[in-house]
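> predicted model, plus sequence, below.
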Amino acid sequence: MTLGRDKLEEALEALGEVLQARGLVYEIVAVGGSSLLLLGFVTRPTRDLDALALVVEGEYVSARPLPHPFTDAIASVGRAFGLSEEWLNPGPTDLLGFGLPRGFRERVDARRYGGLTVLLAGRVDQVCLKLYATVDQGMQSKHAADLRALQPTPDELVLAARWARTHDPSEGFKQSLLHTLEALGMEDPDDLV
């Protein structure tokens, strides 16, 4: 089953209530389609919420593995809502190890749901992450559609491209990145990246 914005909000509210009832508190950083949905940048339904990181004592740490009490609550809410038991998962957490765009923490949008706080990556950071994913999965992917929905400026695309190159400095990635930027309407991107 997929999640539209209203159902996603309901699931997060239910998860926050379950955590609160169990005396648990968690804070996560979310990216991807669901975070874009919550921020109002896209309307397409999604299957899950991607946790980039857990926040522990103010620090972003790998969300893999999520703590068992948290995954138990996630699974309970998933069953109640007819969702996958992993509807909130740490899929993209490996990106944390490569580094986030400069200023990422200052741009997050905090949403509180009882015992759960969700820090949604800011628009510019979503552009960075979606450009990286688009280069990896192509212009026909949901990531490319999401990137277009964000309507990045040329300056934002340059910033995103330079950040993406820190994750993959290979010549093959650079060539794919340049083709992607051209497909997005940038002229002579090789002079900028």
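It's in.
> which strand in the protein runs the most residues?
Secondary structure of the chain read by DSSP state E shows that its longest strand is strand 49-56.
> mind giving me the packing neighbours of that strand?
The contact analysis (3 or more C-beta pairs under 8 Å, 6 or more residues apart in numbering; DSSP states H and E) places strand 49-56 against strand 26-31, helix 33-39, strand 59-62, strand 88-89, strand 116-120. C-beta: built from backbone N, CA, C; applies to glycine.
> can you rerun that using 6 Å?
If you count contacts as 3 or more C-beta pairs under 6 Å, 6 or more residues apart in numbering; DSSP states H and E, strand 49-56 packs onto strand 26-31.
> does residue 18 belong to a helix, a strand or coil?
Here residue 18 is recorded as helix under DSSP: H, G, I helix; E, B strand; the rest coil.
> so the most centrally placed residue in the chain versus residue 53, what's the distance?
In the chain, the centroid-proximal residue (C-alpha atoms, centre = their mean) is residue 31; its distance is 1.3 Å. Residue 31 is 9 Å from residue 53, where distance means C-beta to C-beta, to the nearest Å.
> tally of neighbours for residue 177?
24 (other C-beta atoms under 10 Å).
> partners of the residue nearest to the centre of the chain in the sheet?
Counting by DSSP bridges, residue 31 is bridged to residue 50.
> show me what the host helix or strand of residue 9 is packed up against.
Element membership for residue 9 (DSSP states H and E) is helix 5-21. Judged by 3+ C-beta pairs under 6 Å, 6+ apart, helix 5-21 is in contact with helix 68-81, strand 109-113, strand 116-120.
> how does it look with 8 Å?
Packed against helix 5-21 by the contact rule (3+ C-beta pairs under 8 Å, 6+ apart) you find helix 33-39, helix 68-81, strand 109-113, strand 116-120.
> now do the closest residue to residue 81 other than its chain neighbours: how many residues are near it, please.
With sequence-adjacent residues excluded and distances taken as C-beta to C-beta, 6 or more residues apart in numbering, residue 81 is closest to residue 11, at 5.3 Å. Neighbourhood size, residue 11 [other C-beta under 10 Å]: 22.
> many thanks, have a good one.
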